[in-house]
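> sequence and predicted structure, then a few things I'm wondering about:
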Amino acid sequence: MKISADYGQIGILIILLSLLILSVQTEAAIWEGPNTKPVVDAINHTEQKGSDQNASAHLDISSQNMSGQYEASSINQTKLTNLNVEVTSDVYSPKDPHVYYCVRGNYVEVKNRIYLVGPDLDKVKAVRYFLHESLNQPEGVLGDPNNEFEIWITVWGGFPIKAIITTKSGQEFEKDYSFSFKAKFEEAQSKGIPQIMECG
């Protein structure tokens, strides 16, 4: 009888230990975030008006200094519950205050800057932008860490953008952005930003 009681206690201890290990792994998975690469679902913005209605299949993506290397820095190991940065866009940059566009048939393609803003920008190590599926970038586009994690795309139309942001502590945050350049283009016109027709 004593031997069977010992085996019973050992069995209970093994079950309790297994549950403890599972709970620690589950908690780690919640803190670390998703490890899979998301795919952008194409959304046709039929409710938008004007030339900013659908995404063009023509693509010109560029990012400067995208070596993928980052300077070593002291990493804050504290886990963040929120990352105060947002994805935004414009049709020019402070370094080059010109709007570049190209007329192609019945629509106008505009060169757009997609980038990050916010007080937690210094906590960001990398960002990968997932664009409209017609732009054929399933792995996403890496933003330039030297210029507010910017990328440049030459498109017409509007579509959703998903950004997977990796912090210096290794956490991942997902940010969604509804991309549309029409309002930015009109704002630049009202400010008198020079426009240059450039078709490449």
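Noted; the coordinates are in hand.
> per-domain residue ranges of this structure.
Described in terms of automatic domain parsing, the domain architecture of the chain consists of the residue ranges 1-32, 36-197.
> in terms of mean pLDDT, which of the ones you listed ranks lowest?
For the domains of the chain, the bottom mean pLDDT is recorded on domain 1-32, which sits at a mean of 46.
> ok, the nearest residue to P194 once chain neighbours are set aside - contacts?
Here the nearest residue to P194 in space, its sequence neighbours aside, is H98; by Cβ to Cβ, 6 or more residues apart in numbering that works out to 5.2 Å. In short, each C-beta sits where N, CA and C put it, glycine included. Applying Cβ atoms under 8 Å, 6 or more residues apart in numbering, one finds that H98 lies in contact with Y92, I193, P194, Q195, I196.
> okay, now the closest residue to the fourth one other than its chain neighbours: neighbour count?
In other words, Q195. With Cβ to Cβ, 6+ apart as the measure, V99 is the residue that lies nearest to Q195, at 4.5 Å, once sequence neighbours are left out. Applying the criterion other Cβ atoms under 10 Å, we find 23 residues in the vicinity of V99.
> rewinding a little: return the distance of the residue nearest to P194 relative to G192.
Distance, H98 to G192, using Cβ to Cβ, to the nearest Å: 12 Å.
> kindly report the same for V127.
V127 sits 31 Å away from G192, going by Cβ to Cβ.
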